[in-house]
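Participant: Predicted structure and sequence below. I'll ask about it afterward.
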Amino acid sequence: MKLVQDYQRFSFIGLSAWMHGAARAERPQPIVAELPPDLRAELIARLTPVAERLEAARLDAVANADAQLRVLLPGAVAVGLFFGLSGGSVIAFLLVSLLLLVLAFLLVDGRTATQYRAAAKGQVTGLMASFLSGFRYEPDAALGPAAVDRWKLLPEVRGVVVEDRLLGHRDGRQVAISRLTITLGPPSRRKAANDGVRLAVTAVEMDLPWRTTGGATVAIGRDSGSELRGAPRARHGLRPAPVGDATFDERYLVHAEEPRLVAPDLNAGVRAGLPRVEAECRSGTIRLAQLMPGAQGERPMLSIQAGYAVVLFPRPLDEPVLEPGPHWRKLDLEATLTAFASDLARLNHMLGSAMALPFGKQETAP
């Protein structure tokens, strides 16, 4: 009887926490900004009921996961015993039982982790973004291969995963900030949408109300991978169109549908503002070599079109941004607030540096 009671109390998710070293709450990303005390106190007050709801949901989810695994364990043993008796082998019994149990654990634990992560990210980030900037958090926003292809920047796109997406207005302009993982390659029935060369970027999209007509102008670092450098011409039919600034043209490869627009699209103000954008790429300690074979740079990718521009900041594939912590541990509200505020501040820095680029504005003579 005691053995049954102990088994009913046993937590498989607790075992997962022990295996992953849940006692260590390390954060690889540095804290780049701290909230003022009064603002922090206000957010703590607003987030406390959110954290309480998340904790109640987390405990229910963990309890349900453990209950499912307690049922699946005897089932795995029974199937393993069947194979063992059929084959007359104790090893077959052990291997089949262990394999089924591991698969069941990975499926149940993975589903629990995914659901908790989505709920925590959505509720905490949504409240903080709205409070701090008036932005909406919409991680489920549709941004598929067709939308990315319209940038006329990249090779053929097989799939797009939207990690985070913030929408709002800044200085009277509509803007969006998205953390994307883009899989490059032609569509395939044999390969999944995320099976291929993956490019991780933070995309800042913005309105250009003064640039209402004309084709696309794009710029990519010359030290990017050859597949990226060749895409505007090979994939999208754009023509090489140097700016005429020797320093800039040595560092960036420019293509355009209408070369006459290159001068205003990439004017002196844009070229002067790019070091600030490049600094945001470097602040994530990211090199394009981590993303695509043959790449070495840390430079953004730019696309300027009628009424619209996008700046792509390269980032690491496993960048730990807006991560609430594991599902086996109660949400640490103080630590989460500090980390999320810093993450949102860095995204805001990217937005500010991108919006400061005066794309498409005619230069006036002194």
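Facilitator: Happy to help now that I have it.
Participant: low-scoring pLDDT stretches of this structure, where are they?
Facilitator: Applying pLDDT under 70 to the chain flags the ranges 1-30, 76-90, 92-94, 96-97, 187-196, 282-297, 363-366.
Participant: could you pull out the strands for it?
Facilitator: 136-137, 157-170, 173-184, 197-207, 217-221, 239-240, 252-256, 301-305, 308-314 (DSSP state E).
Participant: Buried deepest among those, which one?
Facilitator: strand 217-221 (a mean of 27; mean count of other Cβ atoms under 10 Å). To be clear about C-beta, it is placed using only N, CA and C from the backbone, and glycine gets the same treatment.
Participant: Need the residues that contact that one.
Facilitator: With Cβ atoms under 8 Å, 6 or more residues apart in numbering as the test, strand 217-221 has contacts from 151-153, 228-229, 231-232, 238, 241, 251-258, 261-262, 265-266, 288, 297-305.
Participant: wait, which of the strands of the chain is closest to Ala279?
Facilitator: With Cβ to Cβ, the closest approach to Ala279 among the strands of the chain belongs to strand 308-314: 10.5 Å.
Participant: Name the residues that touch stretch 103-123?
Facilitator: Residues contacting stretch 103-123 (Cβ under 8 Å, 6+ apart): 12-13, 16, 50, 53-54, 57-58, 61-62, 64-65, 68-69, 72-73, 76, 137, 139, 164, 322-327, 331.
Participant: still on that earlier bit, using CSV, lay out the strands of the chain together with distance to Leu344.
Facilitator: Formatted as CSV, the strands of the chain follow (distance: least, Cβ to Cβ, whole Å):
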stretch, distance to Leu344
strand 136-137, 10
strand 157-170, 8
strand 173-184, 10
strand 197-207, 12
strand 217-221, 27
strand 239-240, 38
strand 252-256, 29
strand 301-305, 23
strand 308-314, 15
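Participant: Tell me the buried residues within the contacts of stretch 103-123.
Facilitator: 12-13, 16, 50, 54, 58, 61-62, 65, 68-69, 72-73, 76, 137, 139, 164, 322-327, 331 (16 or more other Cβ atoms under 10 Å).
Participant: which residues does the nearest residue to His169 once chain neighbours are set aside contact?
Facilitator: Take His169 and drop its neighbours on the chain: the residue closest to it by Cβ to Cβ, 6 or more residues apart in numbering is Val175, 6.8 Å away. Counting by Cβ under 8 Å, 6+ apart, Val175 touches 167-169, 204-207, 351, 355.
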